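output the structure for:
(2 chains)
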Amino acid sequence: DAGITQSPRHKVTETGTPVTLRCHQTENHRYMYWYRQDPGHGLRLIHYSYGVKDTDKGEVSDGYSVSRSKTEDFLLTLESATSSQTSVYFCAISEPTEYKNIQYFGAGTRLSVL
Amino acid sequence: GEDVEQSLFLSVREGDSSVINCTYTDSSSTYLYWYKQEPGAGLQLLTYIFSNMDMKQDQRLTVLLNKKDKHLSLRIADTQTGDSAIYFCAEPEGGGADGLTFGKGTHLIIQP
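A predicted model of the protein is given here:
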């Protein structure tokens, strides 16, 4: 998985609790992304980062926050988890050129919110 | 946002060719991508094509691009059981480095 580690791989939590997912890379890529994958929706972008402390929102950012204090780590936080956030979360990294943005994905975190 | 469309399922016999189709919306897309996802795994880049090309071949994979119709296809020759997976078509979202917009994925089912 191209030097990308997601942790935890599986998590079960209760509604209303905070949850943080971690993505760690060893490739020194500038860009990091968080997607969620749901049946019938494919992958949807939550947030992304283009450098340390530089982040931006994606299509489905409500209810999520992110932080990037080091190049290698990108954290996704659900401040108060809801059942609608039950999903599989994927981290991706890339080093885009002007036109090309090949993204490499981690193995995913399966999150269940009960 | 942009919308990428794919059919949800494709069933083929082992040894036949599989053709997975995709339509995209952003005519300014420069690169288009195909990813493969095996059960319980992340997405793996299969191939990509630059918008100034009509075709790209890589071993058993052939990508065809029709820019006029905004249609992309992935052909897998001599389909094997190991090709059973979900295949996603993707195009750049917004400014290119902002992320990728994915189709919902095509489940490729191989019949013996």
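
show me what B:Lys56 is bridged to.
B:Lys56 has these beta-bridge partners by DSSP bridges: B:Val63.

B:Glu93 against B:Tyr33, yeah?
No. Assessed by Cβ atoms under 8 Å, B:Glu93 is found out of contact with B:Tyr33, at 11.7 Å. Glycine gets a C-beta too; all of them are placed from N, C-alpha and C.

who touches both of the two?
When contacts are counted by Cβ atoms under 8 Å, 6 or more residues apart in numbering or on different chains, the set common to B:Glu93 and B:Tyr33 consists of B:Leu100.

can you give the contact residues for the worst-scoring helix or strand of chain B on mean pLDDT?
When each helix and strand of chain B is scored by mean pLDDT, DSSP states H and E, strand B:100-102 comes last, with a mean of 91. Strand B:100-102 is contacted by residues A:42-45, A:101, A:103, B:1-4, B:33, B:35, B:88-93 when judged by Cβ under 8 Å, 6+ apart.

low-confidence stretches in chain A?
A:1-2 (pLDDT under 70).

around chain B, which positions in it sit nearby?
Contacts of chain A with chain B, taken as Cβ under 8 Å from any Cβ of the partner chain, map to A:1, A:31, A:33, A:35, A:40-45, A:48, A:50, A:56, A:58-59, A:90, A:92, A:94, A:96, A:98-108.

could you turn the buried ones of those into a PyMOL selection?
Buried members of the residues of chain A next to chain B can be picked out in PyMOL with the line below, counting by 16 or more other Cβ atoms under 10 Å in any protein chain shown:
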select buried, chain A and resi 1+31+33+35+42+43+44+45+48+50+58+59+90+92+94+96+100+101+102+103+104+105+106+107+108
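
need the three-state assignment for A:Ser84.
Following DSSP: H, G, I helix; E, B strand; the rest coil, the label given to A:Ser84 is helix.
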